[in-house]
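Trainee: For reference, the sequence and a predicted model appear below.
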Amino acid sequence: MSNYDFKAIEEKWQKYWEEKDLFHCGEDASKEKYYVLEMFPYPSGKLHMGHVRNYSIGDVIARFLKMNGYNVLHPMGWDSFGLPAENAAIKHKAAPDKWTRDNIREMRQQLKMLGISYDWDREVATCDPRYYKWMQWIFIQFYKHGLAYKKKNPVNWCPSCQTVLANEQVVDGACERCGTPVGKKELEQWYFKITDYADRLLADLEKLPGWPEKVKSMQRNWIGKSMGAEVEFTIEGFDKNLTIFTTRPDTLFGVTYMVLAPEHPYVKDLVAGTSYEKDVADFLDRLQYMSEIERTATTLEKEGVFIGRYAINPVNGKKVPIYIANYVLMDYGTGAIMAVPAHDTRDFDFAKKYHIDIIPVIDPKKDDIDVNDLKAAFIEDGVMINSGPFDGLTVEEGKAAIIKMIEEKGIGKASVNYRLRDWLISRQRYWGTPIPMVYCEKCGWVPVEEKDLPVLLPEDVEFTGKGESPLKSSESFMHTTCPKCGGPAVRESDTMDTFLDSSWYFLRYCDARNTQKIYDKEKTDYWMPVDQYIGGVEHAILHLLYSRFFTKVLHDLGLCSVEEPFTNLLTQGMVLKDGSKMSKSKGNVVSPEEIIAKYGADTARLFILFTAPPERDLEWSDTGVEGSYRFLNRVWRLIQELSEVIAPSGSPVQIREEDKELNYVLNTTIKRVTDDIRERFNFNTAVSAIMELVNEMYRYKETEGRNLPLLRKASDELVMILSPFVPHICEELWQMLGHEEDLTGQKWPSYDEKALVKDEIEVVIQINGKVKDKMNVPSGLSKDDFEKLVMGLPRTKELIGEKPVAKVICVPGKLVNIVVK
RNA sequence: GCAGGCAUGGCGGAAUUGGCAGACGCGCACGGUUCAGGUCCGUGUGAAAGCAAUUUCAUGGAGGUUCGAAUCCUCUUGCCUGCACCA
């Protein structure tokens, strides 16, 4: 009897898999393909438990499907551009390149220690010139198709990271990375035209039944589509019309004032030379001292000033005052609104404060609301009033009718607005993909020619951490010639947002070593889409939205057949300790290294897969880990003992009466595990089922005259169905059972339908829906026979007693419910 | 405010189509093995009442549909997540 020496076993099999190159895959038209992908990590240096969870889940799926005959693509790589490497460079004077490569080496080693079945031949690192060459190539395709443009705009600026941020990277007014409050800065930057795809990104969410509702709803929210109308108001004594956006054209007759965003370009001209000029300047001054967070807080008191001008309502010719106010934002809609205090909460508050008229145009038709003395804005459905020819229409009808009218009169049109902004992709940082653009005095912005890619990151740079791209400090990098006219030119010194790098890596995996093209389209056509994508819900908006955008653009450019990259998405829960996320600052980190050293990778994997279903948060438990370790030892002892006595492999199995229970448990377990992995990803219940089988085998092996061929079959199949979860110990046990070939190449066991049916089944007898007794009856009876049998039993008669039977409900094979008066 | 999700023993969680609530594991208790501790093996373990057979209660709360509800419907409470002066 030997002990379960996990360390030796895990090293042995990891080496074996690597030497045999067992997880390498290629296109094979004769097999059904399956692309399983886990979100690639940032190489911070050490794996954490969240990684272990992510990759263990993916590995169960990959190994299971491989055993089920699928051609499985399961790659891994590194999202290796980004700030930490550059900060390390500033702090320790270490080259970002070396720092990153060291970390990758270390983390690759740790991943191998977990025994995840990756095809390492497809490994990519986004900081590798062989990868970012194609990133630059994609940028140029975007540029050539009008999807990349440069624009001067107030942008989000993180004073700590010393770089700009995309809207998506600003969380609660602070930097997503470091938590520093974000400011505004006027800068000329590169943008991607994601707004061109807003409608498709929204509509195609309907094509993703395999995504969690939560993620789809977050994306819908983020895209923020509003249907409404644009209406033009004339301004008294001013030659330009004021265009507003509204979602409530039906309330157009209830407009009592207008509001412009303080930054609205008209404001200056409208007050120039009037007595209101000073009021407006004072108001703008006050706003400037506020941070973005204060400025946009919902709790902020609504404030504004009248600017001395009037607009004319185009539908009734009414003259209404124009205000500027803090609650109207320049970067949504047209930066101007029509205010209908009777039917908008914000307008109502503002009108009350500044004593502006409130004219109801929607009648609530409710007794408890007096239309002419509203206590609050009425924002629900009702019937139009005070609206001339439109009186009597419902809100829905009114919207359509008014839009039709303004379109006919040429004073407005139906319009759609999105919350989504174009994607700001420039970063004033070193450790990212250089933007392959050159500026020439004569020709303007010119893309670098394809033959000159990649534009390599220079090494002679200074890391100051001061607001300007370090690339600027490299003379040799900056000065170049114009690809168009050959004259002197300078390079773009900014690098790309690292979210670009991760928006197409799943395509590159399909043909990761191609040096001639971004990839061979035939290969992506074979592998794409990703059948199962797995990662944390924190990427629900950023990464997943950007990846969908890239896929659609590449599709439109004829580079990709699919329009959606990820068919199924599994968002795994967090790994918690003492109720909160593991973090260094809280001091509640359990390191994977530590657990692997103490119990082995198989125990770590088993614990994580068994303790909670994948979508839920997982509470770390030291005793739970012990339990998983205990179970593996139990399996080890069982198979070790049986391997010495059981019949040889392939012995014919005869099932006798006394073998039926084990045979039943064995077959149901295979069915449960198969279904749990394939249909539901419920690894916790799959493991439970296997534990029950092990318990039954322990019981059965002590019985007299045990069936040795059956025990052989049970042992083999137990090891096989356990192997996707804990592959190392299973390979070892498989070998112990006398098999010459490795377990990884085995075919997943099937179950015998006949063995799933017992001769006798336990049924429940209920009186008025309450369980009164249980009894065994032969299985496979018809409904009538079953009812006759049960009703004829003395025990049933006893339970009914003297009471008259009103009804009998009979579910064959399950229960009989007798309703008595 | 809007949107999405969650709620089951001391704990993690099961219950797949409306059909035995609490599988499996942790923890705990008792017994065996042991010089002893650990390991391992066995038994028990939702609550309350009872010597017991058994009975009653129980899936956040209140109603409802149904022969039958953790599961379906209505309302409600608490928690988590996302968005938010978005016109």
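Mentor: Cool, the structure landed. Nothing here was measured: the structure is a model prediction, and the numbers come from that model.
Trainee: Can you list the low-confidence ranges for the stretch 451-600 of chain A?
Mentor: A:465-467 (pLDDT under 70).
Trainee: Enumerate the residues of it near RNA strand B.
Mentor: A:537, A:541 (CB under 7 Å from any atom of the strand). The C-beta positions use only the backbone N, C-alpha and C, and glycine is treated the same way.
Trainee: Can you show me the helices along the stretch 451-600 of chain A?
Mentor: In the stretch 451-600 of chain A, the helices defined using DSSP state H, counting those that start in this stretch lie at A:475-478, A:498-501, A:505-508, A:521-527, A:542-556, A:592-599.
Trainee: what does the stretch 1-150 of chain A give?
Mentor: Here the stretch 1-150 of chain A has its helices, by DSSP H, counting those that start in this stretch, at A:6-20, A:49-67, A:83-92, A:96-114, A:129-144.
Trainee: between the ones you listed, which gets nearest to RNA strand B?
Mentor: Counting by CB to the nearest atom of the strand, RNA strand B lies closest to helix A:49-67 out of the helices of the stretch 1-150 of chain A; the figure is 12.7 Å.
Trainee: wait, residue A:437 sits on residue A:149?
Mentor: No: taking CB atoms under 8 Å as the definition, residue A:437 is not a contact partner of residue A:149, at 11.1 Å.
Trainee: okay, those two: which has more neighbours?
Mentor: Neighbour totals were compared for residue A:437 and residue A:149, and residue A:437 leads with 22 against 14 (other CB atoms under 10 Å).
Trainee: State the distance from the residue nearest to that one when sequence neighbours are not counted to RNA strand B.
Mentor: Leaving aside its chain neighbours, residue A:437 sits nearest to residue A:492 (4.3 Å; criterion: CB to CB, 6 or more residues apart in numbering). Separation of residue A:492 from RNA strand B (CB to the nearest atom of the strand, to the nearest Å): 29 Å.
Trainee: returning to what we had before: single out the most deeply packed of the helices of the stretch 1-150 of chain A.
Mentor: Comparing the helices of the stretch 1-150 of chain A by mean neighbour count (mean count of other CB atoms under 10 Å), helix A:49-67 comes out on top with a mean of 24.
Trainee: distance between that one and the chain's centre?
Mentor: Offset of helix A:49-67 from its chain centre (CA atoms, centre = their mean, to the nearest Å): 17 Å.
Trainee: by contact count, what packs against that helix?
Mentor: Where contact means 3 or more CB pairs under 8 Å, 6 or more residues apart in numbering; DSSP states H and E, helix A:49-67 is packed against strand A:33-38, strand A:71-73, helix A:96-114, strand A:530-536, strand A:566-572, strand A:575-577, helix A:592-599, helix A:601-611.
Trainee: quick one: that helix near RNA strand B?
Mentor: No: Helix A:49-67 is not in contact with RNA strand B by CB under 7 Å from any atom of the strand; minimum separation 12.7 Å.
Trainee: Alpha carbons of that helix, as CSV, please.
Mentor: Extracted in CSV, the C-alpha atoms of helix A:49-67 (Å, rounded to 0.1, in the frame of the first residue of the first chain):
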residue,chain,number,x,y,z
MET,A,49,-7.4,32.0,-6.8
GLY,A,50,-9.7,33.7,-9.3
HIS,A,51,-7.4,32.5,-12.1
VAL,A,52,-7.4,29.0,-10.6
ARG,A,53,-11.1,29.0,-10.7
ASN,A,54,-11.4,30.4,-14.2
TYR,A,55,-8.9,27.9,-15.7
SER,A,56,-10.2,24.9,-13.8
ILE,A,57,-13.7,25.5,-15.1
GLY,A,58,-12.4,25.8,-18.6
ASP,A,59,-10.2,22.7,-18.2
VAL,A,60,-13.1,20.5,-17.1
ILE,A,61,-15.0,21.5,-20.2
ALA,A,62,-12.0,21.1,-22.5
ARG,A,63,-11.0,17.6,-21.2
PHE,A,64,-14.6,16.4,-21.1
LEU,A,65,-15.3,17.4,-24.7
LYS,A,66,-12.0,15.9,-25.9
MET,A,67,-12.9,12.6,-24.3
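Trainee: Residue A:367 versus the residue lying closest to residue A:362 once chain neighbours are set aside, what's the distance?
Mentor: Among residues not flanking residue A:362 along the chain, residue A:382 sits closest, at 4.2 Å (CB to CB, 6+ apart). Look at residue A:382 and residue A:367: by CB to CB, to the nearest Å, they are 13 Å apart.
Trainee: Looking at these two now, which is surrounded by more residues?
Mentor: Shown here are residue A:382 and residue A:367; by other CB under 10 Å, residue A:382 has more neighbours (21 against 6).
Trainee: Would you format the helices of the stretch 1-150 of chain A as JSON lines with mean pLDDT included?
Mentor: JSON lines is the format used below for the helices of the stretch 1-150 of chain A (pLDDT from 0 to 100):
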{"stretch": "helix A:6-20", "mean pLDDT": "96"}
{"stretch": "helix A:49-67", "mean pLDDT": "96"}
{"stretch": "helix A:83-92", "mean pLDDT": "85"}
{"stretch": "helix A:96-114", "mean pLDDT": "95"}
{"stretch": "helix A:129-144", "mean pLDDT": "98"}
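Trainee: Could you check these and tell me which one is nearest residue A:305?
Mentor: With CB to CB as the measure, helix A:83-92 is the member of the helices of the stretch 1-150 of chain A nearest residue A:305 (42.0 Å).
Trainee: Not counting its own residues, what contacts that closest one?
Mentor: Residues from elsewhere that reach helix A:83-92, judged by CB atoms under 8 Å, 6 or more residues apart in numbering: A:42, A:44, A:94-97, A:99-100, A:161, A:177, A:429-431, A:463-465, A:470.
Trainee: hmm, try it at 7 Å
Mentor: Helix A:83-92 is touched from outside by A:44, A:94-96, A:99-100, A:161, A:177, A:429-431, A:463, A:465, with contacts defined as CB atoms under 7 Å, 6 or more residues apart in numbering.
Trainee: what does stretch A:176-193 give?
Mentor: For stretch A:176-193, using CB under 7 Å, 6+ apart, the contacting residues are A:83, A:142, A:147-161, A:164-165, A:169-170, A:173-175, A:291-293, A:422-426, A:435.
Trainee: thinking again about what came up before, max pairwise distance over the contacts of helix A:83-92: which two?
Mentor: Pairwise over these, using CB to CB, the maximum falls at A:95 and A:177, 21.6 Å.
Trainee: Residue A:727 and residue A:115, how far apart?
Mentor: On the measure of CB to CB, residue A:727 and residue A:115 end up 5 Å apart.
Trainee: should've said residue A:587
Mentor: Taken as CB to CB, the span from residue A:587 to residue A:115 is 29 Å.
Trainee: Neighbour count: these two, which is higher?
Mentor: residue A:115 (23 against 9).
Trainee: and the gap between the more buried one and residue A:57?
Mentor: Distance from residue A:115 to residue A:57, by CB to CB: 14 Å.
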